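S.K.: turn this into a structure:
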Amino acid sequence: MHRPQNTKLIILLLLLLCGSLAAVTGDISRTGLARLQYDGGGDWYNDPEVLPNLARFLNQSLGTNFPIDQAVVKASDIKLFEYPFIYLTGHGNIRFSDKEADNLRQWMQRGGFLYADDDYGMDESFRREIKRIFPEYSLTEIGPAHPLFTSFYDFSDGLPKIHEHDNQPPQAFGIFDDTGRMLCLYTYESNISDGWADPGTHNNPPEVREAALRFGVNIVYHLITR
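M.R.: Residues are numbered from 1 along each chain as shown. Predicted structure coming up:
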């Protein structure tokens, strides 16, 4: 069950806040969801429908008008700074050059938010690369007490389990700066974004897809109202 809301007020708030985030990242004229393309051999491109499906669900749930088309950016591109939200996934290796790591660091410090979802197999390389980006910070496990879990929909029972993988409990981790702002969210043994795919891609039951999409709303809502 989600929180009651005044739709017009929420829409205005979201537009104002999205504009503010875009200004921090260098372009007030664009907001939306983008996918990170990386080197190393991992399949950064898998399930290309997930961000468009999430954008549709966001617009349905929040009354917003997020662009439906998926943007793809590289960490070496100046275009990186146009997007306040970037999604990273894959099954294999992730590798950033020194320049890419520096760009990602600056982008997150200037307001960018990275959501990384392990699609089974990227855990070791992601942990290695995020430590290169922020050697002074560590991934900190977060649970239902964190505002992310109740920012819009109620996940006070914890992170949903979308894909079984190793049959381990799902975990969420954050990288936080010195002010307490979350720069990066990493979900592990959960695979939230599998549930954003089309129904026939992974054959997840409707209630599982609904839970995944709702948690996606929480991620974005937490970002734009933090």
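S.K.: pull out the buried residues from the top helix by length along the chain.
M.R.: The helix spanning the most residues in the chain, taking DSSP state H as the definition, is helix 206-225. Within helix 206-225, the residues that count as buried by 16 or more other Cβ atoms under 10 Å are 208-209, 211-224. For every residue, glycine as well, the C-beta is placed using N, CA and C.
S.K.: separation between Ile171 and Glu49?
M.R.: Careful, residue 171 is Gln; it's not Ile. Separation of Gln171 from Glu49 (Cβ to Cβ, to the nearest Å) stands at 25 Å.
S.K.: which residues in this protein form strands?
M.R.: Per DSSP state E, the chain carries strands over the ranges 33-37, 71-74, 85-90, 113-118, 140-142, 171-176, 182-188.
S.K.: returning to that earlier point: who has more neighbours, Gln171 and Glu49?
M.R.: Under the criterion of other Cβ atoms under 10 Å, the comparison of Gln171 against Glu49 puts Gln171 first, with 17 against 12.
S.K.: pLDDT at the residue lying closest to the more buried one once chain neighbours are set aside, what is it?
M.R.: Distances taken as Cβ to Cβ, 6 or more residues apart in numbering place Tyr188 nearest to Gln171, at 4.8 Å, with adjacent residues excluded. The per-residue pLDDT reported for Tyr188 equals 97.
S.K.: who touches the one residue sitting closest to the centre of the chain in this structure?
M.R.: Closest residue to the average C-alpha location of the chain: Tyr115 at 2.9 Å, with Cα atoms, centre = their mean. Counting by Cβ atoms under 8 Å, 6 or more residues apart in numbering, Tyr115 makes contact with 85-88, 184-185, 187, 219.
S.K.: for stretch 86-106, buried residues please.
M.R.: Of the residues in stretch 86-106, those buried under the neighbour-count criterion (16+ other Cβ under 10 Å) are 86-90, 93-94, 96, 100-101, 103-105.
S.K.: what lies in contact with it?
M.R.: 33-36, 38-44, 46-47, 50-51, 73-76, 80, 112-122, 125-126, 129, 132-134, 193.
S.K.: so Ile192 versus Leu33, what's the distance?
M.R.: As for Ile192, its distance to Leu33 is 14 Å (criterion: Cβ to Cβ).
S.K.: for those two, indicate the residue with more neighbours.
M.R.: With neighbours defined as other Cβ under 10 Å, Ile192 and Leu33 compare such that Ile192 has more, 29 against 24.
S.K.: what count of nearby residues applies to the nearest residue to His165 once chain neighbours are set aside?
M.R.: Distances taken as Cβ to Cβ, 6+ apart place Tyr120 nearest to His165, at 5.0 Å, with adjacent residues excluded. In terms of burial, Tyr120 registers 17 neighbours under the definition other Cβ under 10 Å.
S.K.: now swap in Gly200 and tell me
M.R.: Close neighbours of Gly200, defined as other Cβ under 10 Å, add up to 7.
S.K.: oh, and call the first residue 14 from now on, that's how I've got it
M.R.: OK, 14 is where the count begins now, so the last one is Gly213.
S.K.: how much space separates it from His104?
M.R.: If you measure Gly213 against His104 using Cβ to Cβ, the figure is 19 Å.
S.K.: likewise for Phe79?
M.R.: When Cβ to Cβ is the yardstick, Phe79 and His104 sit 27 Å from each other.
S.K.: thinking again about what came up before, would a markdown table of the buried residues of stretch 99-119 with distance to Leu75 and pLDDT be doable?
M.R.: Formatted as a markdown table, the buried residues of stretch 99-119 follow (distance: Cβ to Cβ, whole Å; pLDDT from 0 to 100):
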| residue | distance to Leu75 | pLDDT |
| --- | --- | --- |
| Ile99 | 19 | 95 |
| Tyr100 | 18 | 97 |
| Leu101 | 23 | 98 |
| Thr102 | 23 | 97 |
| Gly103 | 28 | 95 |
| Asn106 | 35 | 97 |
| Ile107 | 30 | 97 |
| Phe109 | 32 | 98 |
| Glu113 | 32 | 97 |
| Ala114 | 33 | 98 |
| Asn116 | 30 | 96 |
| Leu117 | 27 | 97 |
| Arg118 | 30 | 97 |
